[in-house]
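Asks: need a structure here:
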Amino acid sequence: MQSSDGLDRVLNFWRSVDEKIDLSKSEVQWKIVLAMMSKSQCTTAELAKEIRENKKATIDAVRKLIKKGLVVKVKFDVYALSEAGKQLTEEIRKFGSSVLPTLTVEDTEEYLNNPTHFYYFSEILKASIVNGGEVPVSRLALELGVSRNTVRTYLELFSTKYKFFKKVTKRTLTGKVRQTYVVSDAGLKYGNRIPGMFKTKNNLLMKFMLRITASTRFETSVLKLMAFFTATAPLLIFFRGDALVHKVEAIAWLYSMIFFSLLSVSAYFISRT
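Replies: Numbers count the residues shown, from 1 in each chain. Here you go, the predicted model:
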């Protein structure tokens, strides 16, 4: 059986980490810190390749980590963890390798004290929450920049050892039988205690954006909307004319852009308050 004291210790640890890096909204920063745990110094290009993010997002995240005092600039485009950053990663290392008092090794693993396990559990849980409880493996793998086998491997781990997900059989509209993973009650119960997860679960505007853009992460949905409006704007200009149909299309495009811009901003602020 799980110990509530042990669970509280694990969650309290991640809350202390969350105070330094907002785990629910600073995913790129979190991945950079994890990547720098094994590197003394590295460039933004190396970091971007390591965490599989574009260079612009990586540079922006590094700047925010510098403001938070977790990363320092060594020289032009070369960065390293600050003393505070090293202290944080050392705490994560010790937490990941230690056996919590009063718990067995199996119990310790069950509380996701491994930072990599915690990261993937958080991302998979968020994806399942906005997808009606089912895990969209292919979309999630694409947005995380990993293979589908990687996502399935962690899902198998979380299903068999942690009991946070379960494999079910479903039928498609065409009658074809397929196997998929859905979040369990135990997974939701644990996830609700993770910093920021409750806000994601109850942020209806964000969930609407994710669904309408077929995304699993808020950042991806915003990028898709930006790409859509950027790509369609030149078409409206190129095919401009005086026809009533064209004017209606242009007005619809303009109000759609305004609507989704306000929706994105509102969803973001709801997640932050």
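
Asks: beyond the helix-or-strand element of the chain with minimal mean pLDDT, next helix or strand please.
Replies: One helix or strand of the chain scores below all others by mean pLDDT, DSSP states H and E: helix 105-110, with a mean of 42. Downstream of helix 105-110, the next assigned helix or strand under DSSP states H and E is helix 115-129.

Asks: same question for the helix or strand just after that next one, mean pLDDT?
Replies: Later in the chain than helix 115-129, the nearest helix or strand by DSSP H and E is helix 137-144. Confidence for helix 137-144, expressed as mean pLDDT, is 85.

Asks: give the buried residues for helix 137-144.
Replies: Buried residues in helix 137-144, counted by 16 or more other Cβ atoms under 10 Å: 137, 139-144. Yep, even glycine has a C-beta here, placed from its N, CA and C like the rest.

Asks: would you confirm that residue 164 contacts residue 184?
Replies: Yes: in terms of Cβ atoms under 8 Å, residue 164 counts as a neighbour of residue 184; the distance is 5.9 Å.

Asks: what about these two, which has more around it?
Replies: Taking other Cβ atoms under 10 Å, residue 164 and residue 184 do not tie; residue 164 has more neighbours (25 against 18).

Asks: excluding its backbone neighbours, what's nearest the more buried one?
Replies: In space, and not counting its chain neighbours, residue 164 is closest to residue 187: 3.3 Å by Cβ to Cβ, 6 or more residues apart in numbering.

Asks: go ahead and confirm the one you found touches residue 181.
Replies: No: applying Cβ under 8 Å, one finds residue 187 not in contact with residue 181, separated by 10.0 Å.

Asks: which residues do those two both contact?
Replies: Contact criterion Cβ atoms under 8 Å, 6 or more residues apart in numbering; residues shared by residue 187 and residue 181: 128, 165.

Asks: for the longest helix along the chain, name the packing helices and strands.
Replies: In the chain, ranked by residue count with DSSP state H as the criterion, the top helix is helix 244-272. Packing contacts for helix 244-272, counted by 3 or more Cβ pairs under 8 Å, 6 or more residues apart in numbering; DSSP states H and E, involve helix 197-202, helix 204-212, helix 218-238.

Asks: tabulate those (CSV), appending distance to residue 117 and mean neighbour count.
Replies: Listed next are the helices and strands packed on helix 244-272 as CSV, based on distance: least, Cβ to Cβ, whole Å; neighbours: other Cβ atoms under 10 Å:
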stretch, distance to residue 117, mean neighbour count
helix 197-202, 15, 16
helix 204-212, 24, 17
helix 218-238, 22, 14
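
Asks: mind putting the ones you listed in a markdown table, distance to residue 156 and mean pLDDT included?
Replies: Output for the helices and strands packed on helix 244-272, formatted as a markdown table (distance: least, Cβ to Cβ, whole Å; pLDDT from 0 to 100):
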| stretch | distance to residue 156 | mean pLDDT |
| --- | --- | --- |
| helix 197-202 | 22 | 67 |
| helix 204-212 | 25 | 82 |
| helix 218-238 | 24 | 80 |
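
Asks: rebuild these as a markdown table, extending it with distance to residue 148.
Replies: Shown next, in a markdown table, are the helices and strands packed on helix 244-272 (distance: least, Cβ to Cβ, whole Å):
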| stretch | distance to residue 148 |
| --- | --- |
| helix 197-202 | 23 |
| helix 204-212 | 19 |
| helix 218-238 | 16 |
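
Asks: what's the pLDDT at residue 239?
Replies: So, for residue 239, pLDDT stands at 62.

Asks: what does stretch 163-176 rub up against?
Replies: Outside of stretch 163-176, the residues within contact range by Cβ under 8 Å, 6+ apart are 121, 124-125, 128, 135, 155, 158-159, 177-184, 186-187, 190-191.

Asks: what's the spacing between residue 176 and residue 170?
Replies: 10 Å (Cβ to Cβ, to the nearest Å).

Asks: more crowded one of those two?
Replies: Higher neighbour count among residue 176 and residue 170: residue 170, with 11 against 8, using other Cβ under 10 Å.

Asks: got the residue ranges for the strands in the stretch 1-150 of the chain?
Replies: With strands called from DSSP state E, counting those that start in this stretch, the stretch 1-150 of the chain shows them at 42-43, 71-75, 78-81.
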